[in-house]
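S.K.: Sequence and predicted structure below; questions after.
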Amino acid sequence: MRSFKLLIVVTCAALTAEPVRSAPSETRITPPGATVIVEFAERVDDAVSRDLLDWIDHVADQVSMPYGRFPLATTRVVIIPTEERTSSGRSPVPFGRVTRRGGETIELYVDVDRPIADMYADWTATHEFSHLLLPKISWRQKWISEGFASYYQNVLMARAGQYSQAQAVRKLSQGFDRGRGSRPELSPNQAAEEGVRYARYKIYWSGAAIALLADLRLRSRSDGKESLDTVLGRFQQCCLQSKKRWSGIQFFTRLDSLIDEPVFMPLYREHADTPGFPDTNNALSHPLLHEQVLGVRTSPN
Ligand SMILES: [Zn+2]
(Lines give C-alpha, C1' and ligand atoms only; values in the text may rest on other atoms or scores of the structure.)
Protein backbone atom coordinates (compact mmCIF):
# COMPACT_ATOMS: atom_id res chain seq x y z
CA MET A 1 0.00 0.00 0.00
CA ARG A 2 1.32 3.41 -0.84
CA SER A 3 -0.20 5.88 1.65
CA PHE A 4 -3.09 5.69 4.08
CA LYS A 5 -3.24 9.44 4.60
CA LEU A 6 -3.60 9.99 0.88
CA LEU A 7 -6.39 7.42 0.73
CA ILE A 8 -8.52 9.60 3.00
CA VAL A 9 -7.80 12.70 0.94
CA VAL A 10 -8.43 10.96 -2.34
CA THR A 11 -11.53 9.16 -1.13
CA CYS A 12 -12.99 12.47 0.02
CA ALA A 13 -12.10 13.94 -3.36
CA ALA A 14 -13.79 11.01 -5.08
CA LEU A 15 -16.94 11.46 -3.04
CA THR A 16 -17.23 15.08 -4.06
CA ALA A 17 -16.30 14.47 -7.68
CA GLU A 18 -18.89 14.52 -10.44
CA PRO A 19 -20.89 11.32 -10.78
CA VAL A 20 -19.63 8.64 -13.10
CA ARG A 21 -20.80 9.46 -16.60
CA SER A 22 -20.95 5.98 -18.04
CA ALA A 23 -20.61 2.37 -17.11
CA PRO A 24 -17.06 1.25 -16.38
CA SER A 25 -15.37 -0.45 -19.30
CA GLU A 26 -13.16 -3.51 -19.05
CA THR A 27 -10.16 -4.50 -21.11
CA ARG A 28 -8.17 -7.71 -20.87
CA ILE A 29 -4.43 -7.78 -21.19
CA THR A 30 -2.43 -10.97 -21.23
CA PRO A 31 1.00 -10.99 -19.62
CA PRO A 32 2.80 -14.38 -19.75
CA GLY A 33 0.55 -17.06 -18.26
CA ALA A 34 -2.25 -14.82 -17.07
CA THR A 35 -5.18 -12.52 -17.70
CA VAL A 36 -5.32 -9.05 -16.20
CA ILE A 37 -8.71 -7.35 -16.39
CA VAL A 38 -8.36 -3.57 -16.37
CA GLU A 39 -11.37 -1.50 -15.43
CA PHE A 40 -11.75 2.26 -15.42
CA ALA A 41 -13.89 3.49 -12.53
CA GLU A 42 -14.78 6.54 -14.62
CA ARG A 43 -14.73 7.10 -18.34
CA VAL A 44 -11.57 8.73 -19.59
CA ASP A 45 -10.61 10.01 -23.03
CA ASP A 46 -10.01 7.15 -25.49
CA ALA A 47 -6.44 8.15 -26.30
CA VAL A 48 -5.62 8.51 -22.59
CA SER A 49 -7.15 5.14 -21.79
CA ARG A 50 -5.08 3.48 -24.53
CA ASP A 51 -1.93 5.01 -23.07
CA LEU A 52 -2.90 3.89 -19.57
CA LEU A 53 -3.59 0.33 -20.78
CA ASP A 54 -0.15 0.22 -22.42
CA TRP A 55 1.35 1.40 -19.13
CA ILE A 56 -0.48 -1.30 -17.13
CA ASP A 57 0.70 -3.85 -19.69
CA HIS A 58 4.25 -2.61 -19.10
CA VAL A 59 3.90 -2.92 -15.31
CA ALA A 60 2.42 -6.42 -15.68
CA ASP A 61 5.47 -7.28 -17.78
CA GLN A 62 7.74 -5.96 -15.02
CA VAL A 63 6.20 -8.24 -12.41
CA SER A 64 6.52 -11.18 -14.81
CA MET A 65 10.31 -10.70 -14.82
CA PRO A 66 11.31 -12.56 -11.63
CA TYR A 67 10.36 -16.00 -12.99
CA GLY A 68 9.16 -15.38 -16.52
CA ARG A 69 5.41 -15.45 -15.92
CA PHE A 70 2.78 -13.37 -14.17
CA PRO A 71 2.21 -14.56 -10.58
CA LEU A 72 -1.57 -15.13 -10.69
CA ALA A 73 -3.87 -16.59 -13.35
CA THR A 74 -6.39 -13.77 -13.04
CA THR A 75 -6.06 -10.32 -11.52
CA ARG A 76 -8.29 -7.27 -11.71
CA VAL A 77 -6.90 -3.74 -11.89
CA VAL A 78 -9.16 -0.76 -11.23
CA ILE A 79 -7.92 2.65 -12.39
CA ILE A 80 -9.61 5.38 -10.40
CA PRO A 81 -9.06 8.84 -11.90
CA THR A 82 -8.28 11.42 -9.24
CA GLU A 83 -8.96 15.11 -9.21
CA GLU A 84 -5.49 15.78 -7.82
CA ARG A 85 -4.11 19.05 -9.05
CA THR A 86 -0.76 18.55 -10.65
CA SER A 87 2.35 19.96 -9.11
CA SER A 88 5.91 19.04 -9.82
CA GLY A 89 7.19 16.34 -7.50
CA ARG A 90 3.74 15.04 -6.68
CA SER A 91 3.16 11.42 -7.64
CA PRO A 92 0.83 10.87 -10.60
CA VAL A 93 -0.32 7.74 -8.75
CA PRO A 94 -0.87 9.09 -5.23
CA PHE A 95 -2.39 5.92 -3.83
CA GLY A 96 -2.61 2.23 -4.60
CA ARG A 97 -3.53 -0.94 -2.79
CA VAL A 98 -4.23 -4.62 -3.25
CA THR A 99 -7.44 -6.15 -1.93
CA ARG A 100 -7.81 -9.92 -1.76
CA ARG A 101 -11.52 -10.43 -1.11
CA GLY A 102 -12.90 -12.71 -3.82
CA GLY A 103 -9.70 -12.61 -5.87
CA GLU A 104 -6.87 -10.11 -6.09
CA THR A 105 -7.73 -6.57 -7.17
CA ILE A 106 -5.22 -3.76 -7.53
CA GLU A 107 -6.71 -0.30 -7.11
CA LEU A 108 -4.67 2.56 -8.54
CA TYR A 109 -5.65 6.20 -8.06
CA VAL A 110 -4.25 7.94 -11.11
CA ASP A 111 -4.03 11.60 -12.07
CA VAL A 112 -4.99 10.95 -15.68
CA ASP A 113 -4.19 14.54 -16.69
CA ARG A 114 -0.48 13.97 -16.16
CA PRO A 115 1.72 13.01 -19.13
CA ILE A 116 1.93 9.24 -19.54
CA ALA A 117 5.73 9.40 -19.15
CA ASP A 118 5.12 10.40 -15.51
CA MET A 119 3.26 7.12 -14.91
CA TYR A 120 6.13 5.06 -16.31
CA ALA A 121 8.60 6.89 -14.06
CA ASP A 122 6.48 6.36 -10.92
CA TRP A 123 6.95 3.33 -8.68
CA THR A 124 3.50 3.00 -7.11
CA ALA A 125 2.01 0.57 -9.64
CA THR A 126 5.17 -1.56 -9.63
CA HIS A 127 4.99 -1.72 -5.84
CA GLU A 128 1.34 -2.79 -5.86
CA PHE A 129 1.86 -5.40 -8.59
CA SER A 130 4.88 -6.72 -6.66
CA HIS A 131 2.54 -7.60 -3.79
CA LEU A 132 1.18 -10.33 -6.08
CA LEU A 133 4.50 -12.19 -5.86
CA LEU A 134 3.66 -13.03 -2.23
CA PRO A 135 0.59 -14.63 -0.65
CA LYS A 136 -1.56 -12.95 1.94
CA ILE A 137 0.65 -12.54 5.01
CA SER A 138 -0.55 -11.88 8.56
CA TRP A 139 -0.58 -8.20 9.53
CA ARG A 140 1.71 -9.20 12.42
CA GLN A 141 4.48 -9.64 9.85
CA LYS A 142 3.45 -6.79 7.57
CA TRP A 143 7.17 -6.04 7.17
CA ILE A 144 7.38 -9.11 4.92
CA SER A 145 4.60 -8.12 2.50
CA GLU A 146 5.49 -4.42 2.42
CA GLY A 147 9.22 -5.04 2.57
CA PHE A 148 9.38 -7.53 -0.28
CA ALA A 149 7.15 -5.25 -2.42
CA SER A 150 9.41 -2.27 -1.61
CA TYR A 151 12.47 -4.31 -2.57
CA TYR A 152 10.98 -5.49 -5.85
CA GLN A 153 9.60 -2.07 -6.77
CA ASN A 154 13.19 -0.83 -7.04
CA VAL A 155 14.63 -4.01 -8.54
CA LEU A 156 11.97 -4.23 -11.25
CA MET A 157 12.09 -0.52 -12.11
CA ALA A 158 15.82 -1.01 -12.72
CA ARG A 159 15.38 -4.20 -14.75
CA ALA A 160 12.76 -2.45 -16.89
CA GLY A 161 15.12 0.45 -17.53
CA GLN A 162 13.05 3.03 -15.64
CA TYR A 163 15.86 3.47 -13.11
CA SER A 164 19.56 3.24 -13.78
CA GLN A 165 21.34 0.73 -11.54
CA ALA A 166 22.87 3.63 -9.61
CA GLN A 167 19.43 5.17 -9.08
CA ALA A 168 17.99 1.89 -7.83
CA VAL A 169 20.87 1.41 -5.38
CA ARG A 170 20.47 5.00 -4.20
CA LYS A 171 16.75 4.54 -3.65
CA LEU A 172 17.32 1.32 -1.71
CA SER A 173 20.03 3.04 0.33
CA GLN A 174 17.81 6.04 1.08
CA GLY A 175 14.98 3.71 2.06
CA PHE A 176 17.25 1.76 4.40
CA ASP A 177 18.42 5.03 5.96
CA ARG A 178 14.80 6.03 6.58
CA GLY A 179 14.11 2.60 8.04
CA ARG A 180 17.20 2.76 10.25
CA GLY A 181 16.12 6.12 11.63
CA SER A 182 12.52 5.04 12.22
CA ARG A 183 11.63 3.71 15.67
CA PRO A 184 15.04 2.07 16.30
CA GLU A 185 13.78 0.78 19.64
CA LEU A 186 11.36 -1.58 17.85
CA SER A 187 11.90 -4.92 16.15
CA PRO A 188 10.15 -5.50 12.81
CA ASN A 189 7.46 -7.60 14.52
CA GLN A 190 6.92 -4.91 17.16
CA ALA A 191 6.76 -2.26 14.43
CA ALA A 192 4.05 -4.28 12.67
CA GLU A 193 2.11 -4.43 15.95
CA GLU A 194 2.37 -0.64 16.24
CA GLY A 195 1.04 -0.24 12.71
CA VAL A 196 1.98 1.65 9.57
CA ARG A 197 0.78 4.94 11.01
CA TYR A 198 3.42 4.87 13.75
CA ALA A 199 6.25 2.87 12.24
CA ARG A 200 5.88 3.07 8.45
CA TYR A 201 9.53 3.25 7.45
CA LYS A 202 10.59 0.62 9.94
CA ILE A 203 7.99 -1.78 8.56
CA TYR A 204 8.65 -1.16 4.87
CA TRP A 205 12.42 -0.92 4.87
CA SER A 206 13.39 -3.55 7.44
CA GLY A 207 11.47 -6.05 5.30
CA ALA A 208 13.14 -4.76 2.13
CA ALA A 209 16.56 -5.13 3.80
CA ILE A 210 15.78 -8.74 4.73
CA ALA A 211 14.63 -9.44 1.15
CA LEU A 212 17.95 -8.06 -0.17
CA LEU A 213 19.98 -10.09 2.32
CA ALA A 214 18.09 -13.27 1.43
CA ASP A 215 18.50 -12.62 -2.30
CA LEU A 216 22.27 -12.09 -2.03
CA ARG A 217 22.79 -15.14 0.22
CA LEU A 218 20.91 -17.34 -2.23
CA ARG A 219 22.83 -15.99 -5.23
CA SER A 220 26.29 -15.99 -3.70
CA ARG A 221 26.13 -19.56 -2.39
CA SER A 222 24.75 -21.01 -5.65
CA ASP A 223 26.79 -19.13 -8.27
CA GLY A 224 23.64 -17.31 -9.25
CA LYS A 225 21.57 -20.45 -9.87
CA GLU A 226 19.25 -19.61 -6.97
CA SER A 227 17.79 -16.26 -6.04
CA LEU A 228 14.75 -14.70 -4.43
CA ASP A 229 13.25 -14.81 -7.94
CA THR A 230 13.68 -18.57 -8.34
CA VAL A 231 12.44 -19.38 -4.82
CA LEU A 232 9.35 -17.24 -5.29
CA GLY A 233 8.88 -18.95 -8.67
CA ARG A 234 8.81 -22.35 -6.93
CA PHE A 235 6.47 -20.96 -4.29
CA GLN A 236 4.16 -19.68 -7.03
CA GLN A 237 3.93 -23.16 -8.54
CA CYS A 238 3.16 -24.95 -5.28
CA CYS A 239 1.38 -22.49 -3.07
CA LEU A 240 0.61 -18.98 -4.26
CA GLN A 241 -2.87 -19.65 -5.62
CA SER A 242 -4.16 -20.88 -2.26
CA LYS A 243 -6.34 -18.45 -0.32
CA LYS A 244 -4.45 -19.27 2.88
CA ARG A 245 -3.21 -16.44 5.08
CA TRP A 246 0.35 -17.17 6.14
CA SER A 247 2.15 -16.18 9.31
CA GLY A 248 5.68 -14.92 8.72
CA ILE A 249 7.14 -18.12 10.19
CA GLN A 250 4.90 -20.35 8.05
CA PHE A 251 5.83 -18.44 4.90
CA PHE A 252 9.58 -18.35 5.56
CA THR A 253 9.57 -22.02 6.58
CA ARG A 254 7.82 -22.92 3.32
CA LEU A 255 10.36 -20.91 1.30
CA ASP A 256 13.19 -22.72 3.11
CA SER A 257 11.60 -26.07 2.21
CA LEU A 258 12.04 -25.14 -1.46
CA ILE A 259 15.83 -24.77 -1.20
CA ASP A 260 18.70 -26.99 -0.01
CA GLU A 261 19.87 -24.99 2.99
CA PRO A 262 17.60 -22.60 4.89
CA VAL A 263 18.04 -18.88 4.32
CA PHE A 264 14.76 -17.32 5.35
CA MET A 265 14.19 -18.66 8.88
CA PRO A 266 17.79 -17.88 9.91
CA LEU A 267 17.14 -14.27 8.82
CA TYR A 268 13.82 -14.31 10.67
CA ARG A 269 15.47 -15.52 13.87
CA GLU A 270 18.20 -12.92 13.49
CA HIS A 271 16.00 -9.89 12.81
CA ALA A 272 12.25 -10.33 13.29
CA ASP A 273 12.28 -9.78 17.05
CA THR A 274 15.48 -7.74 17.26
CA PRO A 275 15.36 -3.95 17.68
CA GLY A 276 17.51 -1.85 15.39
CA PHE A 277 17.99 -2.45 11.68
CA PRO A 278 19.75 -5.10 9.58
CA ASP A 279 23.26 -4.18 8.44
CA THR A 280 22.95 -3.47 4.72
CA ASN A 281 26.28 -1.74 4.01
CA ASN A 282 28.02 -4.75 2.48
CA ALA A 283 24.88 -5.78 0.63
CA LEU A 284 24.54 -2.42 -1.12
CA SER A 285 28.09 -2.62 -2.47
CA HIS A 286 27.93 -6.36 -3.26
CA PRO A 287 28.91 -7.05 -6.90
CA LEU A 288 25.98 -9.45 -7.32
CA LEU A 289 23.54 -6.63 -6.69
CA HIS A 290 24.72 -4.97 -9.89
CA GLU A 291 25.65 -8.05 -11.94
CA GLN A 292 22.55 -10.09 -11.23
CA VAL A 293 19.80 -8.53 -9.11
CA LEU A 294 19.55 -5.29 -11.07
CA GLY A 295 21.32 -6.39 -14.22
CA VAL A 296 19.42 -9.48 -15.35
CA ARG A 297 15.93 -8.98 -16.66
CA THR A 298 14.61 -12.48 -15.98
CA SER A 299 16.32 -15.04 -13.79
CA PRO A 300 17.59 -18.10 -15.68
CA ASN A 301 15.86 -20.72 -13.48
ZN1 LIG B 1 2.44 -2.06 -0.26
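M.R.: That came through, no problem. Please read these numbers as outputs of a predicted model, since none were measured by experiment.

S.K.: per-residue confidence at whatever residue of the stretch 151-300 of the chain ends up closest to the ion?
M.R.: Proximity to the ion, evaluated over the stretch 151-300 of the chain using CB to the ion, is greatest for Tyr204 at 7.6 Å. C-beta: built from backbone N, CA, C; applies to glycine. Per-residue confidence (pLDDT) for Tyr204: 98.

S.K.: Which element, helix or strand, includes it?
M.R.: Taking DSSP states H and E as the criterion, Tyr204 maps to helix 196-221.

S.K.: Give me the distance between that helix and the centre of its chain.
M.R.: Distance of helix 196-221 from the chain centroid (CA atoms, centre = their mean, to the nearest Å) equals 12 Å.

S.K.: after that helix, next one along is what?
M.R.: helix 228-235.

S.K.: tell me the angle that following helix makes with helix 196-221.
M.R.: For helix 228-235 against helix 196-221, the angle by axes from the mean of the first three to the mean of the last three CA atoms, to 10 degrees is 100 degrees.

S.K.: ok, the very next helix or strand once past helix 228-235: who's next to it in the sheet?
M.R.: Downstream of helix 228-235, the next assigned helix or strand under DSSP H and E is strand 245-246. Strand pairing for strand 245-246, determined by DSSP bridges: strand 136-137 (parallel).

S.K.: got a list of what Gly102 touches?
M.R.: With CB atoms under 8 Å, 6 or more residues apart in numbering as the criterion, no residue contacts Gly102.

S.K.: make that Leu232, sorry
M.R.: Each residue near Leu232 by CB under 8 Å, 6+ apart is listed here: Pro66, Tyr67, Leu133, Leu134, Leu255.

S.K.: Surely the last one is in contact with Val231?
M.R.: Which is Leu255. Yes - with contact defined as CB atoms under 8 Å, Leu255 counts as touching Val231 (5.5 Å).

S.K.: Could you work out the end-to-end span of stretch 229-243 for me?
M.R.: 21 Å (CA to CA, to the nearest Å).

S.K.: again with stretch 257-265
M.R.: End to end - CA to CA - stretch 257-265 spans 10 Å.

S.K.: Go through that stretch and flag the buried ones.
M.R.: Neighbour counts using 16 or more other CB atoms under 10 Å place Leu258, Ile259, Val263, Phe264, Met265 of stretch 257-265 among the buried residues.

S.K.: Point me to the helix or strand that includes the second one.
M.R.: Assigned by DSSP H and E, Ile259 belongs to no helix or strand.

S.K.: My read is that Ser64 contacts Thr75, right?
M.R.: No - look at Ser64 against Thr75 with CB under 8 Å: they stay out of range, at 11.6 Å.

S.K.: before we move on, back to that, in the helix holding Tyr204, what's buried?
M.R.: Counting neighbours by 16+ other CB under 10 Å, helix 196-221 gives 196, 199-219 as buried.

S.K.: Once you drop chain neighbours, what's closest to Thr30?
M.R.: Closest residue to Thr30 apart from its sequence neighbours, by CB to CB, 6 or more residues apart in numbering: Val36 at 7.4 Å.
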